[in-house]
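A.B. asks: Let me see the structure of the following:
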Amino acid sequence: MKKLIGLLVAAMLVLTLPLSFAVTPAVGSGVGIIIYTRDEAPRIWMDPNKRIVYHNNADDHDVLIERTQNYAFEGEQVWWDVLVYDKNGEENIKNVHATIGPEQGPGNIEEVECVGNERTTDPGKLGVYIGDPYPLTFDPDTMRWYTCKFTVEPQESMYGEYYVTVEAVDKTDLVGTMDENEYWFLNPNIAIDIRGAIDFGDISPGERKYSSTLVITNAADEGSAVVLQMFISGTDFYDPNPSGARCPDSNVLALNNGNDKPGCQAVFKDGKKVAGDNFCYFATRGAYSTNTNAGADAEGYDDIPYETGDPDNRAPIIDTNPFLNQGGDIAITFRLDLPKPCIGDFTSGQIYFWGEAV
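C.D. replies: As a prediction, the model looks like this:
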């Protein structure tokens, strides 16, 4: 019996002992990564619909739609809306500005700082594609729209030919430049050159006579491409010497009949001219002439308005094409119907030619 109990106890001891198995050894270690986020230079795109050229404030700051060449004068402005994209973040953009200088690309003189605006237009709608390519959508975390307003300064500080563009600089001084460089002649000198004289020679009272031909040239700075709109006006003529002049009933040879009709259409009665301007002119410029002017007579001659100091009272030399390119010429011949009776040398007076930059 004691032997049986001993066996049972031994068996229970065996059953209560914990099981023990071998564990596979293991070891662990960590490896860091090496990564440097590239500093990307900003990129700039212009909205072509927001590129606008303006008159100066003296001309009411109207849009300068008639300007067909790249020249600009003091006070005139060029505006752009540009999108700046910086992959490192919109807050990484330090400065956006318009520049002028002798070369294309970055590094020219900073002239005006651009101002951020609230636009959220997708640049892809303006044809901006990147990568594969795909249309770029607006992302406020990496992009911002800016408005740049460049104003032409006085000639003392801005004269000559310059490239004009927009740059963006990030906080690491990387520079991005708008792809489009504009080329402007700033503050060109404008002038007209007159060759010849209005010379009628000897003329008898009651006679019609024609002058030698004048040539008027747009003498603006070479290379400026300045277009002038050409006008004409004049004054009455007087005998500067105390000679008892009279033509026909006072001591003045009138320029015109008071700007009233019939203008250069002479009216005769009993073989005598009783109405019509004394001075008229005929001008040619390429295929154009005064023959199509509203006031031209059958010979193609038109009347000359009085100079009043008001530019609105001056007449375009050729109605249908008063424009004269830099280096271009207009040929003008004058006609005089000298009244009868007339005595005196009427040399004191002026015919004026005016060129207004378009």
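
A.B. asks: Pass me the low-pLDDT residue ranges in the stretch 251-358 of the chain, would you?
C.D. replies: Per-residue confidence of the stretch 251-358 of the chain (counting by pLDDT under 70) places the weak regions at 259-262, 267-275.

A.B. asks: For Asn88, see how far away Thr142 is.
C.D. replies: According to Cβ to Cβ, to the nearest Å, Thr142 stands 8 Å off from Asn88. Where you see a C-beta, it was placed from the backbone N, CA and C, and this is true even at glycine.

A.B. asks: whoops, Val78 was the one
C.D. replies: 29 Å.

A.B. asks: cool, and Leu126?
C.D. replies: In this structure, Leu126 and Asn88 are 23 Å apart, going by Cβ to Cβ.

A.B. asks: Please give the centre-to-centre distance between stretch 308-324 and its chain.
C.D. replies: For stretch 308-324, the distance between its averaged C-alpha position and the chain's averaged C-alpha position is 22 Å (Cα atoms, centre = their mean, to the nearest Å).

A.B. asks: swap in stretch 282-293?
C.D. replies: Shown here is stretch 282-293, whose average C-alpha point lies 28 Å from the average C-alpha point of the whole chain (Cα atoms, centre = their mean).

A.B. asks: And stretch 146-159, by the same measure?
C.D. replies: Mean-position distance between stretch 146-159 and its chain equals 12 Å (Cα atoms, centre = their mean).

A.B. asks: Would you list the phi and psi of the residue lying closest to Ile232 once chain neighbours are set aside?
C.D. replies: Setting aside the residues directly before and after it, Ile232 is nearest to Ile317 in space (Cβ to Cβ, 6 or more residues apart in numbering), at 5.1 Å. Main-chain dihedrals, Ile317, degrees, to the nearest 10: phi -60, psi -50.

A.B. asks: mind listing what Ile317 touches?
C.D. replies: Contact analysis of Ile317 by Cβ atoms under 8 Å, 6 or more residues apart in numbering lists 230-232, 283, 285, 290, 330, 332, 353.

A.B. asks: what's the answer for Pro248, then?
C.D. replies: Contacts here follow Cβ under 8 Å, 6+ apart; on that basis Pro248 touches 339-342.

A.B. asks: Tell me which entries of the residues you listed lie within helices.
C.D. replies: If you go by DSSP state H, the contacts of Pro248 have nothing in helices.

A.B. asks: So which of those wins on neighbours?
C.D. replies: Sorting the contacts of Pro248 by how many neighbours each has (other Cβ atoms under 10 Å) puts Cys342 first, at 19 neighbours.

A.B. asks: so that residue touches Asp249, yeah?
C.D. replies: No: using Cβ atoms under 8 Å, Cys342 and Asp249 do not qualify as a contacting pair, with a distance of 9.9 Å.

A.B. asks: about what we covered before: from the contacts of Pro248, pick the one nearest Arg119.
C.D. replies: Nearest to Arg119 out of the contacts of Pro248 is Pro339 (Cβ to Cβ; 68.5 Å).

A.B. asks: mind listing what that closest one touches?
C.D. replies: When the contact criterion is Cβ under 8 Å, 6+ apart, the partners of Pro339 are 205-206, 247-248, 253, 273, 278.

A.B. asks: rerun at 10 Å
C.D. replies: Neighbour list for Pro339: 205-206, 246-249, 253-254, 272-273, 278 [criterion: Cβ atoms under 10 Å, 6 or more residues apart in numbering].

A.B. asks: Restricted to buried residues, select those residues in PyMOL.
C.D. replies: Isolation of the buried members of the contacts of Pro339 (16 or more other Cβ atoms under 10 Å) is achieved in PyMOL through the command below:
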select buried, resi 246+247+253+254+273+278
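
A.B. asks: shared neighbours of Thr142 and Asn88, which are they?
C.D. replies: Overlap between the contact sets of Thr142 and Asn88, as judged by Cβ under 10 Å, 6+ apart, is given by 40, 42.

A.B. asks: quick one: Tyr306 and Arg38, what's the gap?
C.D. replies: Taking Cβ to Cβ, one finds Tyr306 at 72 Å from Arg38.

A.B. asks: So between these two, which is more surrounded?
C.D. replies: Between Tyr306 and Arg38, Tyr306 has the larger neighbour count (other Cβ under 10 Å), namely 15 against 7.

A.B. asks: Can you name the residues that contact the more buried one?
C.D. replies: In this structure, Tyr306 makes contact with 233-236, 254-256, 258-259, 313-314, judged by Cβ under 10 Å, 6+ apart.

A.B. asks: Give me the buried entries from those residues.
C.D. replies: When the contacts of Tyr306 are checked for burial by 16+ other Cβ under 10 Å, the buried set is 233-234, 236, 254-256, 314.

A.B. asks: Cross the residues you listed against strands and list the overlap.
C.D. replies: Among these, the members falling in strands (DSSP state E) are 233-234.

A.B. asks: What is the most widely separated pair among the buried ones among the contacts of Tyr306?
C.D. replies: Pairwise distances across the buried ones among the contacts of Tyr306 peak at 18.2 Å for Ala254 and Arg314 (criterion: Cβ to Cβ).

A.B. asks: Which helix or strand contains Leu228?
C.D. replies: Secondary-structure assignment from DSSP states H and E places Leu228 in strand 227-234.

A.B. asks: Would you mark the buried spots in that strand?
C.D. replies: Within strand 227-234, the residues that qualify as buried are 227-234, counting by 16+ other Cβ under 10 Å.

A.B. asks: got it, and stretch 93-103?
C.D. replies: 93, 96-101.

A.B. asks: CA-only coordinates of it in PDB, if you can.
C.D. replies: Below are the C-alpha coordinates for stretch 93-103, written out as PDB (Å, rounded to 0.1, in the frame of the first residue of the first chain):
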ATOM      1  CA  ILE A  93       8.300  83.300 -51.500                       C
ATOM      2  CA  LYS A  94      10.300  86.300 -50.300                       C
ATOM      3  CA  ASN A  95       9.700  88.900 -53.000                       C
ATOM      4  CA  VAL A  96       8.100  89.300 -56.400                       C
ATOM      5  CA  HIS A  97       9.000  92.300 -58.500                       C
ATOM      6  CA  ALA A  98       9.200  93.700 -62.000                       C
ATOM      7  CA  THR A  99      12.600  94.500 -63.400                       C
ATOM      8  CA  ILE A 100      14.200  96.400 -66.300                       C
ATOM      9  CA  GLY A 101      17.600  96.000 -67.800                       C
ATOM     10  CA  PRO A 102      19.700  95.400 -70.900                       C
ATOM     11  CA  GLU A 103      19.600  91.600 -70.800                       C
END
